[in-house]
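Trainee: structure, please.
(one chain, ligands or ions: 1)
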Amino acid sequence: MRNTVEILGVKIDKVTMKEALEKLQSFLQEDRVHTIYTPNSEIMMAAQRDEYLKGILNSADLLVADGAGVVLASRILKVNLPEKVAGFDLVKNSFSMESGKKIKYFLFGSEPGTAEAAKEKILNSYENVEIAGCHHGYFSPEDENKIIDMINRSGADILLVALGAPKQEKWIYENKDKLKVKVCIGVGGSLDVLSGKVKLAPEFFRR
Ligand code: UDP
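Mentor: Residues are numbered from 1 along each chain as shown. Predicted coordinates:
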């Protein structure tokens, strides 16, 4: 059962980072596609103008607050989210999850070459991770089925979709029934950071 709070009509899970990781682990045990989105204040506002996006966010299996703004809003509304669960941190922490075997990720999105560079950095830092495949995020509609096929043939457990918000949320929603992965996560600019192309702001500013 999900324990959610409603902020501007969007149901956000009342979870800590540790609980979000436990949920992710449990999704890997189930034989169906799960979706995780990590909206920040900007996407929460975009969802006010875009009912389709709001519906997509509300259809997630796990929706966590990326950013202090959403946590602050929860305090003002007295529904108190326990803490910020940033998408980038969730993904990074998931690389250290213990599951008895290597978890397979597919890195999809960002400019050509970025996912491959992120793959190399991830493999150098985390021993429980396998990168089953990579594909950049600048594709034409005709390429889409080929990419989905590539993802499915890779045998990936977790698909990281880095197309920027809200493009990635819409892509996941519209294609999830064709995917054979266990979990899809919309990760924004995370591959840019993991590849070393972009530096994350210091924790002080992020807070
Ligand atoms: N991107 C992509 N395809 C597109 C548009 C964007 O792969 O058609 C990638 C872009 O290269 C970048 C990421 O999506 O790596 C968006 O990052 P940004 O930080 O702008 O996203 P946000 O975190 O704001 O959602």
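Trainee: now the residue minimising distance to the centre of the chain: how far from the ligand?
Mentor: By C-alpha atoms, centre = their mean, the chain has its centre lying nearest to I185, at 2.7 Å. For I185, the distance to the ligand equals 12 Å [C-beta to the nearest ligand atom, to the nearest Å]. Every C-beta, even on glycine, is put in place using the N, C-alpha and C of the backbone.
Trainee: would you mind listing what in this structure touches the ligand?
Mentor: 109-111, 137-138, 162-165, 167, 188-189, 191-192 (C-beta under 6 Å from any ligand atom).
Trainee: which members of the residues you listed occur in strands, if any?
Mentor: Judged by DSSP state E, the residues of the chain next to the ligand include G109, A162 as members of strands.
Trainee: got CSV for the residues of the chain next to the ligand, with pLDDT and neighbour count too?
Mentor: CSV is the format used below for these (pLDDT from 0 to 100; neighbours: other C-beta atoms under 10 Å):
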residue, pLDDT, neighbour count
G109, 98, 28
S110, 98, 30
E111, 98, 15
G137, 98, 21
Y138, 98, 11
A162, 98, 28
L163, 98, 20
G164, 97, 15
A165, 96, 21
K167, 98, 15
G188, 96, 25
G189, 96, 18
L191, 98, 30
D192, 97, 21
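Trainee: can I get the residues of the chain next to the ligand in CSV with distance to D89?
Mentor: As requested, these are exported to CSV (distance: C-beta to C-beta, whole Å):
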residue, distance to D89
G109, 18
S110, 18
E111, 23
G137, 21
Y138, 26
A162, 15
L163, 20
G164, 18
A165, 16
K167, 22
G188, 12
G189, 13
L191, 15
D192, 15
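Trainee: what is the nearest of the residues of the chain next to the ligand to E98?
Mentor: When those are compared for distance to E98 (C-beta to C-beta), L191 wins out at 23.8 Å.
Trainee: which stretches in this protein count as helices?
Mentor: Along the chain, the stretches classed as helices by DSSP state H are 17-29, 41-49, 51-58, 68-76, 87-94, 114-125, 144-154, 167-175, 190-194, 203-206.
Trainee: quick one: contacts of the fifth one?
Mentor: Residues outside helix 87-94 that contact it (C-beta atoms under 8 Å, 6 or more residues apart in numbering): 17, 20-21, 24, 36, 38, 64, 66, 103, 158, 160, 185-188, 190, 193-194, 200.
Trainee: end to end on stretch 123-141, go ahead and measure it.
Mentor: 31 Å (C-alpha to C-alpha, to the nearest Å).
Trainee: just the buried ones from the contacts of helix 87-94?
Mentor: By neighbour count, with 16 or more other C-beta atoms under 10 Å, those hold 17, 20-21, 24, 36, 38, 64, 66, 103, 158, 160, 185-188, 190, 193-194, 200 as buried.
Trainee: who are the contact partners of F139?
Mentor: I147.
Trainee: for it, give me the pLDDT.
Mentor: Per-residue confidence (pLDDT) for F139: 97.
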